[in-house]
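Visitor: starting from these lines, generate the structure:
(4 chains)
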Protein chains: 2
Amino acid sequence: MAGGEAKRASGQAGSAKARSGRPDALANALAGEIQSGALAPGQWLKQIDIEQRHGAKRMDVRRALDRLVQKRLVVHLPNRGYHVVKPDGRLAREIRDVRVILETGAVDGIMARLRDEDVAEALRLARRFESLLGKGTVIDLHDANIAFHGHLLGLSGNPELTALVQELRGRISSAAAGQWQKRSRIEQSNREHFAMVEALAARDAAALRRLVRAHILQDAA
Amino acid sequence: MAGGEAKRASGQAGSAKARSGRPDALANALAGEIQSGALAPGQWLKQIDIEQRHGAKRMDVRRALDRLVQKRLVVHLPNRGYHVVKPDGRLAREIRDVRVILETGAVDGIMARLRDEDVAEALRLARRFESLLGKGTVIDLHDANIAFHGHLLGLSGNPELTALVQELRGRISSAAAGQWQKRSRIEQSNREHFAMVEALAARDAAALRRLVRAHILQDAA
DNA sequence: ATGGGAAAAATTGGCGCCAATACAGATGGC
DNA sequence: GCCATCTGTATTGGCGCCAATTTTTCCCAT
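Guide: Prediction:
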């Protein structure tokens, strides 16, 4: 029995691609709705509603919900159902602190591998964020912000670190979503983006660390 | 803000207890078998085998496997099955680097909240590890090591950080399991444990950071 | 003998139905 | 008039069966 050993090297090793499949797609869709606030904290997620709204099969719904439970985005009460997790101040603070550690910790790796074209790309993304300040939706700004920070983290050369931070961000964005509507804070974020790009260009690790820390701490303060 | 509604203490907020339920129990059992090496890397996990070996229902098996996929411990190929993930040097290195960032980043938090009794507890756990050097099994040593580092991380006052590191550790322990059999390295780890306790007692954050970094880097080098 | 191909066995994955449980509303007793 | 209980309804969760796909085995042709 046991002996399986994959003859073909197919699969796994190089496959960060990972065909998402329908269940993951649904899970991501629901995660997006939760993070965007479409699904309010505490709201019950009835399987039938999701099944009809997304035109999905019952099993996919169940699997997606189970996946969201593991991502800590929804809570499952046996024989009662699933509901959106309610923002927990303590938890949000802890995750925020972890993000500070991870993203400031990534700075050294970033500086070590930094090329001029990476700085240029960061500048481009910062400008894209800025261009959306006026007429972009909140979601557009959110995406542009993700793109900027994702690029920055990607420069660390550690995909796992990048994925981890994105996962953590997904777990508190719902709590922070309300904060994102304040205009002054978005403009402050924009200024900090450019400051970070300057720190990058100057290869000033200490300054970048300081900026990243302040940036994260203000986002979900 | 974010009202701490929790009328009933039940559910969500404070429930680190989280009734594991059958599916999680199976997932943990399989995870243990993978990390202990009972299930070899690359080996195919047939649903029927697991169903019979663990006396579980088919659905629980499927759910547990799906959960392990999300934990990145097994790989799923549609219509082919699930197999244990093969140790990937690059991935292991990335996770190891993330651990360095997290555990060295936790040092400041640890020092800020450190009490004398915490140092005493750390010393106790270090001694327990040492006492197992001679006649403990590899698994005993592994557990004692986990306990020591878990205590250390717990001192940071950030349960999320602790949980995150444990999760990361679980994803590479299979790869590092082979390394744990070298005696000299275990003794080196033991010495470093006591050095860390000394750094704790001296409230020397820089020294502790240096020790933690070296300790993690050597474990899964 | 060996390679290709087809049938057979095994395994996975999906879908539907039905029981178990919780919720809502109505009814009756105090 | 209010509270407890009971009934009806909606929702969840489990279990089994069957189709789809893959892997293995066997046979035949070259």
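
Visitor: so, low pLDDT: which residues of chain A?
Guide: Applying pLDDT under 70 to chain A flags residues A:1-20, A:173-181, A:219-221.

Visitor: which stretches of it form helices?
Guide: Taking DSSP state H as the criterion, chain A contains helices spanning A:21-35, A:47-53, A:58-70, A:89-105, A:107-113, A:116-135, A:138-154, A:159-177, A:183-201, A:205-219.

Visitor: any idea how far the residue most central in space within chain A is from A:Ala56?
Guide: Centroid-nearest residue in chain A, with Cα atoms, centre = their mean: A:Gln166, separated by 3.2 Å. The gap separating A:Gln166 from A:Ala56 is 24 Å, by Cβ to Cβ, to the nearest Å. Where you see a C-beta, it was placed from the backbone N, CA and C, and this is true even at glycine.

Visitor: only the C-alpha atoms, please, for stretch A:56-66, written as CSV.
Guide: What follows is stretch A:56-66 as a C-alpha-only set of coordinates in CSV (Å, rounded to 0.1, in the frame of the first residue of the first chain):
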residue,chain,number,x,y,z
ALA,A,56,-22.7,28.0,-6.1
LYS,A,57,-23.3,24.4,-5.0
ARG,A,58,-24.0,23.6,-1.4
MET,A,59,-20.7,21.8,-0.9
ASP,A,60,-18.6,24.6,-2.2
VAL,A,61,-20.4,27.0,0.2
ARG,A,62,-19.7,24.7,3.1
ARG,A,63,-16.0,24.3,2.1
ALA,A,64,-15.6,28.0,1.6
LEU,A,65,-17.0,28.8,5.0
ASP,A,66,-14.8,26.2,6.6
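
Visitor: how far off centre is that stretch?
Guide: 22 Å (Cα atoms, centre = their mean, to the nearest Å).

Visitor: ditto for stretch A:77-88
Guide: Distance of stretch A:77-88 from its chain centroid, counting by Cα atoms, centre = their mean, is 21 Å.

Visitor: and that stretch, end to end?
Guide: 18 Å (Cα to Cα, to the nearest Å).

Visitor: quick one: contacts for the closest residue to DNA strand C within chain A?
Guide: Closest residue of chain A to DNA strand C, Cβ to the nearest atom of the strand: A:Lys57 (3.6 Å). Neighbouring residues of A:Lys57 by Cβ atoms under 8 Å, 6 or more residues apart in numbering or on different chains: A:Glu51.

Visitor: from DNA strand D, how far out is it?
Guide: According to Cβ to the nearest atom of the strand, to the nearest Å, A:Lys57 stands 11 Å off from DNA strand D.

Visitor: related to what we said a few turns ago, for chain B, find the nearest of the helices of chain A.
Guide: helix A:89-105 (3.2 Å; Cβ to the nearest Cβ).

Visitor: now that closest one: buried residues?
Guide: A:91-92, A:94-105 (16 or more other Cβ atoms under 10 Å in any protein chain shown).

Visitor: and chain B, which of those residues contact it?
Guide: Filtering these for neighbours of chain B using Cβ under 8 Å from any Cβ of the partner chain leaves A:Leu91, A:Ala92, A:Glu94, A:Ile95, A:Asp97, A:Val98, A:Val100, A:Ile101, A:Leu102, A:Thr104, A:Gly105.

Visitor: now do the phi/psi pair for the closest residue to the fifth one other than its chain neighbours.
Guide: Meaning A:Asp97. Counting by Cβ to Cβ, 6 or more residues apart in numbering or on different chains, A:Asp97 lies nearest to B:Asn158, which is 5.8 Å off, once chain neighbours are set aside. With angles defined as degrees, to the nearest 10, B:Asn158 sits at phi -130, psi 90.

Visitor: what are the buried residues along stretch A:113-127?
Guide: Buried-residue list, stretch A:113-127, by 16+ other Cβ under 10 Å: A:Leu114, A:Asp118, A:Val119, A:Glu121, A:Ala122, A:Leu123, A:Leu125, A:Ala126, A:Arg127.

Visitor: just give me the closest of these to B:Ile110.
Guide: Checking the buried residues of stretch A:113-127 against B:Ile110 with Cβ to Cβ, the nearest one is A:Leu114 at 30.5 Å.

Visitor: pretty sure the closest one contacts A:Ala202?
Guide: No. Here A:Leu114 does not reach A:Ala202: they are 10.8 Å apart, not a contact under Cβ atoms under 8 Å.

Visitor: what are the structural domain limits within chain A?
Guide: Listed domain ranges for chain A are A:19-84, A:89-219 (source: automatic domain parsing).

Visitor: quick one: closest of those to B:Leu45.
Guide: B:Leu45 lies closest, by Cβ to Cβ, to one member of those: domain A:19-84, at 17.8 Å.

Visitor: which positions in chain A make contact with DNA strand C?
Guide: A:Arg22, A:Lys57, A:Arg58, A:Met59, A:Asn79, A:Arg80 (Cβ under 7 Å from any atom of the strand).
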